[in-house]
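Asker: test case, fold it:
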Amino acid sequence: MAATTEGKDKVLATAQRIVQSLHNTSDTDDMLLILSAFDNRLSTLSSFVSSDDPSSGAQKSAASAVYLRFEAAEQIVLNEADSSSLTDDYLAAVDVLIQSTEELNLNDRDGELQAGVQAAGARCDVMDRAENALHVTMTRLEDEFRHILIRNTVPLDPERVRRSSHSSSTVAIAAPLFFDDYLTESLDDVSSGRCSHHGRGRGVSFGGDDVSLDLINEDAVIDLRQIADRMIRSGYEKECCQVYCTVRRDVLDECMVILGVEKLSIEEVQRVEWRLLDDKIKKWIQAVKVIARSLLPSEKDLCEQIFTGSDLIKEVCFLETAKACVMQLLNFGEAVAIGRRSSEKLFRILDMYDALAGVLPDLQSLFMDEEAGDMVCSEAKGVLDSLGEAAIGTFVEFENAVQAESSRKTLQNGEIHPLTRYVMNYVKLLLDYSDTLNAILENAEDELRRVESGNSDNSEMKSMSLIGQRLLALTQSLESNLEEKSRMYEGTAMQYIFLLNNILYIVQKVKDSELRNLLGDNWIKRRRGQIRQHATQYLRASWSKALSCLKDEGIGGSSSNASKVALKDRFKNFNACFEDIYRIQTAWKVPDPQLREELRLSISEKVLPAYRSFLGRFGSRLESGRNAGKYIKYTSEDLENYLLDLFEGTPLILHHMRRKST
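Answerer: Predicted structure coming up:
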């Protein structure tokens, strides 16, 4: 805005003419006398240059020029002190005022010139006027700096953040029931499906490419830079930095709220119920990536655009602005790391570790120039180490819990135990973090890295990665626990069905995942050998009694003269054994269709030929008599069909059933 009064125009125009004249003429005294008559405000200058001053004429001319520029600038900045906007004329006057005060040597940089100014002190205290004008000017610039910052701030768009997060987040993985739930709920509830299940998804990412954020309207940056430059030149850099940091800290706090990150103390975090904390952790993971890779780089760039005149001020303003939100994030991470350990937290802790490890280089590049910045990076590294220790400690506790789990209830159908399902699905989810866990274990203390070898070959353990060794020890603990649980079944045959189901489930989970590469084909080969051995032991335990009824010993002779009484007892006992097995083992469950079919085939190969041979040799001795159907109740085809009902998990009864065919 141009000057609005004739007086301002006159002062500015006069000052400009005087400056030019003082450079072009030696008749300074005459010129000043004429001007003092023209405008009484210059009478001070006239008195100043006509005093008994020992300075040379050149010094008088310089002092006159300084004073006149100061006079003109003072008038403009004071008259526009309450104006609603900064004009080009105003900023030009501020520049003149700054230069004039420097030349008047308020900071005692030019003793000779100051002495000349002080000679006029009886007429006007130029120094006080200069200080007052500069203070008024800087106060106005400070207010304007604050208003421009606030008015032109571009808020963080939560919808943009949501879209970016959604597009790059991985698909949630349905996890099995949490181990803590399993420990506290009855096996009846677990097996009947009443146990709570929870979904788990990997921590969201802000996207493959970092997102550049516009924090301030672009046009406002120029105005902010012009104001900051003038305040710094005037020695008001502290006030300028305080305004900037206060406003921008509030903006970053608002961004944290938009990202869903709350200000919570460590104690408050540790009191939050897990399902709520899980949601807060997911938001934290997103916020870490957004802030370190998008928000803070944009904030640092803004500092560099505004405070172009001083590298130190750039760093100080950025550090003081950004430090609070970074420390808020780190405090939350530390609170989770030192909180109570439980198995369901492990994945989120690893997500947090991955997120913080991923942005640590970004933080180091942002805060690399200041001692306080080094402190921020050290804090981040410390929290990262704490999360790593928490992850390994949680995993070790999980291993111990698996080994010590001692529920006494048995599954009536001998099916896969919930512990087996939980542990193997848990392990499969851990495979996503193999690289992370290996890195953590390599940096862990010796006691955390140490793994009990159990029954495994030490040379085999040494050839594995650190996480492979851990997972091998975990599966051994699970197998040992299952062996103990199998002994809770009264029938030996069912013990082997239980072990068959569970070991096969473990093998399948290993074979169909990255676990195969970690544990090796030899591990799978040995377990398949166990499965075959348990199948053989099942046949012996379950069918030996029935097959003993079909032997020739003890029936009193050959097929033509065998005792009918003995034969009736043999057929009767076989029928009873078969019907008892049928009733019990139709209720048993073998979920894997291939294993179920192989067991039935093995039974058929043992039982049907023996029954067919016995019936062929001795059946005629009873078929001619009365009530033959009472003893020879089934044909071999009947038995073959009935064997197809085994291991379906639905109990059936054969008592008093008629023969299906003759």
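Asker: list the buried residues of the one helix or strand residue 373 maps to.
Answerer: Element membership of residue 373, judged by DSSP states H and E, is helix 371-404. Buried residues in helix 371-404, counted by 16 or more other Cβ atoms under 10 Å: 373, 376-377, 379-380, 383-384, 386-396, 398-399, 401-403. Every residue, glycine included, has its C-beta placed from N, CA and C.
Asker: next SSE after the one helix or strand residue 225 maps to?
Answerer: Secondary structure here is read from DSSP H and E; on that basis residue 225 sits in helix 218-233. The helix or strand immediately downstream of helix 218-233 is helix 237-258, counting by DSSP H and E.
Asker: elements contacting that following helix?
Answerer: Where contact means 3 or more Cβ pairs under 8 Å, 6 or more residues apart in numbering; DSSP states H and E, helix 237-258 is packed against helix 126-151, helix 218-233, helix 296-306, helix 311-337.
Asker: tell me what angle the helix holding residue 373 forms with helix 311-337.
Answerer: Angle, helix 371-404 to helix 311-337, by axes from the mean of the first three to the mean of the last three Cα atoms, to 10 degrees: 10 degrees.
Asker: avg pLDDT for the helix or strand that helix 371-404 is followed by?
Answerer: The C-terminal neighbour of helix 371-404 among helices and strands, as given by DSSP H and E, is helix 418-430. Averaging pLDDT along helix 418-430 yields 94.
Asker: so, low pLDDT: which residues of the protein?
Answerer: The chain contains residues with pLDDT under 70 at 1-64, 81-84, 104-124, 160-212, 369-370, 445-460, 556-560, 624-626, 655-662.
Asker: how near is the residue lying farthest from the centre of the chain to residue 514?
Answerer: No residue in the chain sits farther from the centre than residue 561, which is 82.7 Å out by Cα atoms, centre = their mean. Distance of residue 561 to residue 514, computed by Cβ to Cβ, to the nearest Å: 67 Å.
Asker: phi, psi for residue 589 please.
Answerer: Per-residue torsions, residue 589: phi -120, psi 120 (degrees, to the nearest 10).
Asker: kindly report the same for residue 367.
Answerer: Taking degrees, to the nearest 10, you get phi -120, psi 50 for the backbone angles of residue 367.
Asker: how is the protein divided into domains?
Answerer: Recorded structural domains for the chain (assignment: automatic domain parsing) are 6-151, 206-386, 418-540, 549-643.
Asker: how about CSV for those, with distance to residue 408 added?
Answerer: Listed next are the domains of the chain as CSV, based on distance: least, Cβ to Cβ, whole Å:
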stretch, distance to residue 408
domain 6-151, 67
domain 206-386, 21
domain 418-540, 7
domain 549-643, 20
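Asker: picking up where we left off before, so which of the helices and strands packed on helix 237-258 comes closest to residue 250?
Answerer: Nearest to residue 250, of all the helices and strands packed on helix 237-258, is helix 126-151, at 8.8 Å by Cβ to Cβ.
Asker: can you give me the buried ones in that closest one?
Answerer: Buried residues in helix 126-151 (16+ other Cβ under 10 Å): 126-127, 129-130, 133-134, 137-138, 140-142, 144-146, 148-149.
Asker: okay, the angle between that helix and helix 237-258?
Answerer: Orientation check (the same axes, to 10 degrees): helix 126-151 against helix 237-258 gives 10 degrees.
Asker: residue 70 touches residue 96, doesn't it?
Answerer: Yes. Using Cβ atoms under 8 Å, residue 70 is in contact with residue 96, at 7.4 Å.
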